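Peer 1: sequence first, predicted coordinates after that:
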Amino acid sequence: MNYSLTQLKSLANKDPKELLLIMKSPGVTSRTLSLCVEQLGEENLDEELMLPIFKSLLRHINSAVRESAIIGISLFYSKKSPPQDILDKLMVMAESDSSNEIKECAQLTIRDFEKLNERNC
């Protein structure tokens, strides 16, 4: 099923766990995955719920989904650095992803986290 951005934003505000279920449903489109992960990145959810989603989508075959996962991570960890394994994956993506856009997005995100660490020290 396809969802509009408005529907997904509403769910993110009212019932973010429903978005998690949508993301795990069979036949979910890449577009819906992309929109969901960005919306969830803005929510203050339990990190243990979000980490498996981020890790999975960083490996997704569709580059738009991988890019949205990076954006979601950037939003979710806007006040603190993500776990080291996420940073390690972003570094690998910045160097060797098949998409130049993903490489650039990962590089920018890593720089943002480095600046965040400098401010928090």
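Peer 2: Great, that's in hand.
Peer 1: tell me what the top helix by length along the chain is packed against?
Peer 2: In the chain, assigned by DSSP state H, the helix with the most residues is helix 100-120. Packing partners of helix 100-120 (3 or more C-beta pairs under 8 Å, 6 or more residues apart in numbering; DSSP states H and E): helix 63-76, helix 84-96. For every residue, glycine as well, the C-beta is placed using N, CA and C.
Peer 1: list the contacts of it.
Peer 2: 63, 66-67, 70-71, 73-74, 77-82, 87, 90-91, 93-97 (C-beta atoms under 8 Å, 6 or more residues apart in numbering).
Peer 1: hmm, try it at 6 Å
Peer 2: 63, 66-67, 70, 74, 81, 90, 93-94, 97 (C-beta atoms under 6 Å, 6 or more residues apart in numbering).
Peer 1: before we move on, what about stretch 15-29?
Peer 2: Contacts of stretch 15-29 (C-beta under 6 Å, 6+ apart): 11-12, 33, 36, 40, 43, 45.
Peer 1: what mean pLDDT does that stretch have?
Peer 2: Computed over stretch 15-29, the mean pLDDT rounds to 90.
Peer 1: okay, buried residues for that stretch please.
Peer 2: 16, 19-20, 22-23, 28 (16 or more other C-beta atoms under 10 Å).
Peer 1: how many residues are close by the nearest residue to Arg59 once chain neighbours are set aside?
Peer 2: Sequence neighbours aside, Arg66 is the residue nearest to Arg59 in space, at 7.7 Å (criterion: C-beta to C-beta, 6 or more residues apart in numbering). Arg66: 24 surrounding residues under other C-beta atoms under 10 Å.
Peer 1: per-residue confidence for Arg66?
Peer 2: 97.
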